[in-house]
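J.: Fold the following, please.
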Amino acid sequence: MKKTALSVGLLAALLFFPSCRRKEESPAAGAPKPYVIGIFQSVDSPTGNEARRGILQAFADAGLRDGVEIVVTIRIANNDISEVQRIAQQLVAERVDMIIPMSTQALQAAILAGRTTPIVFSAVAVPYLVGAGRSADDHLGNVTGVASTGPIRQTMALIREVLPKARRVGSLWTPSEINSEYYLDRARESAAELGFEMIVVPVAGPHGIHGLVQGLLNEKVDVLFPMSDNTINSSFDVIGRAAEENGLPLFGSFLRSVEFGACAALGFDFYDMGYKTGRIAVRVKNGESPARIPIQSMDEVRLYINTEAAGKQGVSFPKGLLDRVDKAVSVALGPSTAPGSVLD
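T.: The predicted model follows:
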């Protein structure tokens with residue numbers, strides 16, 4: 001789903017929480033000015049939207065009503081780095097009280113634009129790559145949040161477990177996204193350890209993905225494992241259809257990829273990640289300094305499978321793996337399964 005940058009205040013949060021629509025609330029005369037929070041994503045993606053939903057739920061659970069104690073403004077760029085930078089600068093110019101960037105690109109832009117504005121990030125693969133700090137405890141005084149470093153090594157090991165005879169792993173990555181490059185480096189390291197050969201193709205944008213996947217198929221790869229980034233995740237259904245049409249195993253590194261054609265995926269629950277981020281944001285809103293809050297990470301790696309996709313891709317899961325599955329779905333790709341059509 002393509003979107004130009006947009007700003008949604010009260011209405012955006014109301015869409016997520018029907019209970020908040022019971023009546024319009026406004027600050028009482030003489031009440032403190034609402035605390036303004038700017039949430040922004042570099043792209044409209046399944047993972048980003050799940051994280052955002054968790055953030056808003058954490059606010060609601062803390063008793064923060066949009067339009068009363070807080071005002072939430074949500075902005076989404078069209079995966080255009082210049083637009084991401086513009087949004088970050090605009091939020092700072094508007095003097096929001098806090099910025100919540102979701103994605104590596106968004107965090108980098110927020111850091112450059114807001115040297116003093118509190119920043120609580122979410123869904124950022126490796127925040128240290130864009131200057132957030134040196135470690136979880138040694139970071140910029142106005143920055144904290146929740147990192148989403150994906151389980152690349154574990155996913156490569158999963159592929160080896162499921163496909164012991166596989167040799168050539170085909171992958172896509174986006175050079176313009178530093179997190180994608182980081183993941184590719186980790187995948188190559190793991191491939192060398194596990195006896196895989198990586199066949200890698202760079203992606204310039206979502207429109208060329210179908211042709212690039214076909215190129216990987218022509219290279220006779222045994223399995224597809226795209227890197228997790230904004231560009232690829234938002235068009236994952238294109239890869240899923242190619243895998244289904246060619247009977248080729250497809251693995252994902254974000255959990256909802258099983259809804260878009262992956263036979264299996266390891267990853268984090270991005271709703272939980274967003275909720276964790278929201279709880280940190282509440283602490284900062286209540287006066288705690290970001291400098292005193294360590295950058296956090298997700299601990300629980302979950303395993304999802306799609307039995308429908310596995311059947312069409314010729315994949316049989318070992319019993320030992322089935323015993324470890326956190327969620328099994330049977331989702332067939334159809335006109336309504338593009339990532340944009342299932343976003344919250």
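J.: C-alpha only now, for contacts and for neighbours.
T.: OK.
J.: Pull the distance from stretch 126-145 to the chain's centre.
T.: The gap between the average C-alpha position of stretch 126-145 and the chain average comes to 18 Å, counting by C-alpha atoms, centre = their mean, to the nearest Å.
J.: sorry, that was for stretch 120-139
T.: Averaged C-alpha coordinates place stretch 120-139 at 15 Å from its chain's average position (C-alpha atoms, centre = their mean).
J.: Could you give me the buried positions within that stretch?
T.: When neighbours are counted by 16 or more other C-alpha atoms under 10 Å, the buried residues of stretch 120-139 are found to be 120-128, 130, 132-133, 136, 139.
J.: can I have it written out in PDB, keeping just the CAs?
T.: Extracted as PDB, the C-alpha positions of stretch 120-139 are listed here (Å, rounded to 0.1, in the frame of the first residue of the first chain):
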ATOM      1  CA  VAL A 120      11.900   6.500  22.100                       C
ATOM      2  CA  PHE A 121      12.400   4.200  19.100                       C
ATOM      3  CA  SER A 122      10.900   0.900  18.200                       C
ATOM      4  CA  ALA A 123      11.400  -1.800  15.500                       C
ATOM      5  CA  VAL A 124      15.000  -0.700  14.800                       C
ATOM      6  CA  ALA A 125      17.300  -3.600  13.900                       C
ATOM      7  CA  VAL A 126      20.600  -2.200  15.200                       C
ATOM      8  CA  PRO A 127      20.200   1.400  16.600                       C
ATOM      9  CA  TYR A 128      24.000   1.700  17.200                       C
ATOM     10  CA  LEU A 129      24.600   1.700  13.400                       C
ATOM     11  CA  VAL A 130      22.900   5.100  13.100                       C
ATOM     12  CA  GLY A 131      24.500   6.800  16.100                       C
ATOM     13  CA  ALA A 132      22.100   6.000  18.900                       C
ATOM     14  CA  GLY A 133      25.000   5.000  21.100                       C
ATOM     15  CA  ARG A 134      27.600   2.400  21.700                       C
ATOM     16  CA  SER A 135      25.700  -0.100  23.800                       C
ATOM     17  CA  ALA A 136      22.500  -0.600  25.700                       C
ATOM     18  CA  ASP A 137      23.700   1.500  28.600                       C
ATOM     19  CA  ASP A 138      26.000   3.900  26.700                       C
ATOM     20  CA  HIS A 139      23.700   5.900  24.500                       C
END
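J.: burial measure for the closest residue to residue 248 other than its chain neighbours, as a count.
T.: Sequence neighbours aside, residue 313 is the residue nearest to residue 248 in space, at 4.9 Å (criterion: C-alpha to C-alpha, 6 or more residues apart in numbering). Summarising burial for residue 313: neighbours were counted as other C-alpha atoms under 10 Å, giving 21.
J.: Quick check: phi and psi on residue 250?
T.: Residue 250 has phi and psi values of phi -130, psi 120 when expressed as degrees, to the nearest 10.
J.: which residues touch it?
T.: For residue 250, the contacting residues are 223-225, 240, 243, 261-264, 313, by C-alpha atoms under 8 Å, 6 or more residues apart in numbering.
J.: Among these, name the buried ones.
T.: If you count burial by 16+ other C-alpha under 10 Å, the buried members of those come out as 223-225, 240, 243, 261-264, 313.
J.: want to throw those into TSV with distance to residue 273, secondary structure and pLDDT?
T.: What follows is the buried ones among the contacts of residue 250, written out as TSV (distance: C-alpha to C-alpha, whole Å; DSSP: H, G, I helix; E, B strand; the rest coil; pLDDT from 0 to 100):
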residue	distance to residue 273	secondary structure	pLDDT
223	29	strand	98
224	26	strand	98
225	23	coil	98
240	25	helix	96
243	29	helix	96
261	23	coil	97
262	22	coil	98
263	23	coil	98
264	20	strand	98
313	31	coil	97
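J.: Show me what counts as buried in the helix or strand that contains residue 216.
T.: Residue 216 is part of helix 209-218 when elements are defined by DSSP states H and E. Applying a neighbour-count criterion of 16+ other C-alpha under 10 Å, one finds 209, 212-213, 216-217 buried in helix 209-218.
J.: Good, wrapping up.
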